[in-house]
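Colleague: sequence? don't have it. structure:
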């Protein structure tokens, strides 16, 4: 799937899902044979992956989590730790591994975003806890509908203690939290949710619902644009946006 949004308004410039199908089949009434073929295909062409596909967001959410850590005071711009490639908790045998087997050495928040350091974000998730993670990531629209002007949309899943209890009748464990720090565990997102959340980051907390239609004419001459701006994300320290955006720029340029 491909999603392209206007960086300032979240207006939808492109929305693509593949495998797809020829919509002309539906214009004059699709045959039951052809419709059954589309329904039963293992490729599931009728699913709009851009708005309904649910995938682990993985390392794309590390900037969001770093902002949460800065806002909560869990980390500061000066927080440093040594990544040896193996994250362990005291009295726990399990090892969570960095994508670089030997680690990234000394890292801070900025460097950890630039090199996508798993170790740093395992530790951040552990210290933030699932409740704070859920609270901050909800602000970015994860686990909720984006408000796009389409009926075909999934809200995916932003995990929480309550969700796991309802889904599996099990408590939430620390081992569930740590991989959430790298966008894994039970966390899923749609490509559209993710694109919307990135726009929220680059616009420093200003949020818009993605819209396909720019607007419509009323009475043939009055242009009515959709109202798609949401309340901005409140932050305690606006300078935290600077660190996050500088880090994202550094992914490419440093």
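Modeller: On my side now, so go ahead. None of these values were measured; they are calculated from a predicted model.

Colleague: for stretch 61-78, the distance to its chain's centre please.
Modeller: Relative to the chain's own centre, stretch 61-78 is displaced by 16 Å; criterion: CA atoms, centre = their mean, to the nearest Å.

Colleague: Likewise for stretch 31-45?
Modeller: Using CA atoms, centre = their mean, the offset of stretch 31-45 from its chain centre is 30 Å.

Colleague: which residues sit against it?
Modeller: With contact meaning CB atoms under 8 Å, 6 or more residues apart in numbering, stretch 31-45 is reached by 19-21, 25, 46. Glycine gets a C-beta too; all of them are placed from N, C-alpha and C.

Colleague: just the buried members of these?
Modeller: Neighbour-count burial (16 or more other CB atoms under 10 Å) is assigned, among those, to residue 21.

Colleague: can you tell me how far the nearest residue to residue 121 once chain neighbours are set aside sits from residue 87?
Modeller: Closest residue to residue 121 apart from its sequence neighbours, by CB to CB, 6 or more residues apart in numbering: residue 181 at 3.9 Å. Noted for residue 181: a distance of 9 Å to residue 87, by CB to CB, to the nearest Å.

Colleague: again with residue 78
Modeller: Taking CB to CB, one finds residue 78 at 21 Å from residue 87.

Colleague: the more surrounded of these two?
Modeller: residue 87 (22 against 7; other CB atoms under 10 Å).

Colleague: ok, back up a step: surely the residue nearest to residue 121 meets residue 126?
Modeller: Yes - between residue 181 and residue 126 there is a contact at 7.4 Å, judged by CB atoms under 8 Å.

Colleague: Tell me which of those two has more neighbours.
Modeller: Higher neighbour count among residue 181 and residue 126: residue 181, with 28 against 18, using other CB under 10 Å.

Colleague: Could you pull up the contacting residues of the more buried one?
Modeller: Taking CB under 8 Å, 6+ apart as the contact definition, residue 181 lies against 65, 118, 121-126.

Colleague: returning to that earlier point: looks to me like the residue nearest to residue 121 is in a strand.
Modeller: No - judged by DSSP: H, G, I helix; E, B strand; the rest coil, residue 181 forms no part of a strand; its state is helix.

Colleague: what about it, distance to residue 5?
Modeller: For residue 181, the distance to residue 5 - CB to CB - is 26 Å.

Colleague: Tabulate the contacts of stretch 31-45 (CSV), appending secondary structure.
Modeller: Listed next are the contacts of stretch 31-45 as CSV, based on three-state DSSP:
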residue, secondary structure
19, coil
20, coil
21, coil
25, helix
46, coil
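
Colleague: Now for the contacts of stretch 31-45: which two are most distant?
Modeller: Using CB to CB, the pair of the contacts of stretch 31-45 lying farthest apart is 19 and 25, separated by 14.5 Å.

Colleague: before we move on, back to that, residue 214: which of the contacts of residue 181 is nearest?
Modeller: Using CB to CB, the contacts of residue 181 come closest to residue 214 at residue 65, 33.3 Å.

Colleague: my guess is that closest one meets residue 122, correct?
Modeller: No - using CB under 8 Å, residue 65 is not in contact with residue 122, being 10.7 Å away.

Colleague: okay, those two: which has more neighbours?
Modeller: Shown here are residue 65 and residue 122; by other CB under 10 Å, residue 65 has more neighbours (27 against 23).

Colleague: Now do the same for that one: its pLDDT.
Modeller: Confidence at residue 65, expressed as pLDDT, is 98.

Colleague: What strand or helix carries it?
Modeller: For residue 65, the host element (DSSP states H and E) is helix 62-72.

Colleague: hang on, residue 88 packs against residue 95?
Modeller: Yes - using CB under 8 Å, residue 88 makes contact with residue 95 at a distance of 5.5 Å.
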